[in-house]
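[1] Return a 3D structure for these sequence lines:
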Amino acid sequence: MNTTIEVTKTVTTLINILTVEPESQQKLIKLLRDNTETVVSRLDGWLSTSFIAAADQRHVVIYSQWRDLASVEAMQTNPDMAAYFPRIAALAAFDSLAGEVVYNHHA
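    Residues are numbered from 1 along each chain as shown. Predicted coordinates:
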């Protein structure tokens with residue numbers, strides 16, 4: 001499946017916004033990439049993950065798509081994921097939200 005943004009109730013979107021010191025942005029992205037490739041991508045219900053590195057080097061946004069909210073909740077309590085959370089928290093503060101796309105407009 002390719003990452004798409006469309007109005008649908010068949011996909012749950014998880015957005016994480018991480019705030020990081022500029023000198024640590026690339027280190028954070030590497031850690032997130034490693035975690036995505038070795039843990040997240042193997043979890044039931046995962047569909048896709050994309051990173052957006054802010055030009056100010058102070059933020060990274062994770063846009064991920066999941067089959068449903070239960071899959072997101074299972075990921076958040078997965079023991080393999082729990083091992084990554086302190087490593088991520090050492091580099092960045094983060095906030096997250098899960099929901100569905102309710103509007104999309106494009107050319």
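[2] what about stretch 40-52, start to end distance?
    Using Cα to Cα, to the nearest Å, one end of stretch 40-52 lies 17 Å from the other.
[3] Surely Ser48 touches Gln65?
    Yes. Ser48 lies in contact with Gln65 (Cβ atoms under 8 Å); the separation is 4.7 Å. For the C-beta atoms, the positions are set from N, CA and C on the backbone; glycine is no exception.
[4] So which of these two has more stuff around it?
    Looking at Ser48 and Gln65 with other Cβ atoms under 10 Å, you find the greater number of neighbours at Gln65, namely 21 against 16.
[5] what's the closest non-adjacent residue to that one?
    Leu47 (4.2 Å; Cβ to Cβ, 6 or more residues apart in numbering).
[6] Measure how buried Ala70 is and give me the count.
    Per other Cβ under 10 Å, the neighbour tally for Ala70 reads 12.
[7] can you tell me the helix or strand for it?
    With elements taken from DSSP states H and E, the one containing Ala70 is helix 69-77.
[8] Which parts of that helix count as buried, going by neighbours?
    71-72, 74-75 (16 or more other Cβ atoms under 10 Å).
[9] Just flag the most distant two among the residues you listed.
    Val72 and Ala74 (7.4 Å; Cβ to Cβ).
[10] what's the overlap in contacts for those two?
    Both Val72 and Ala74 are contacted by Gly45, under the criterion Cβ atoms under 8 Å, 6 or more residues apart in numbering.
[11] what about Ile52, distance to Pro79?
    Applying Cβ to Cβ, to the nearest Å, the value for Ile52 to Pro79 is 28 Å.
[12] Between those two, tell me which one has more neighbours.
    Legend: neighbour count by other Cβ under 10 Å for Ile52 and Pro79, higher for Ile52 (11 against 7).
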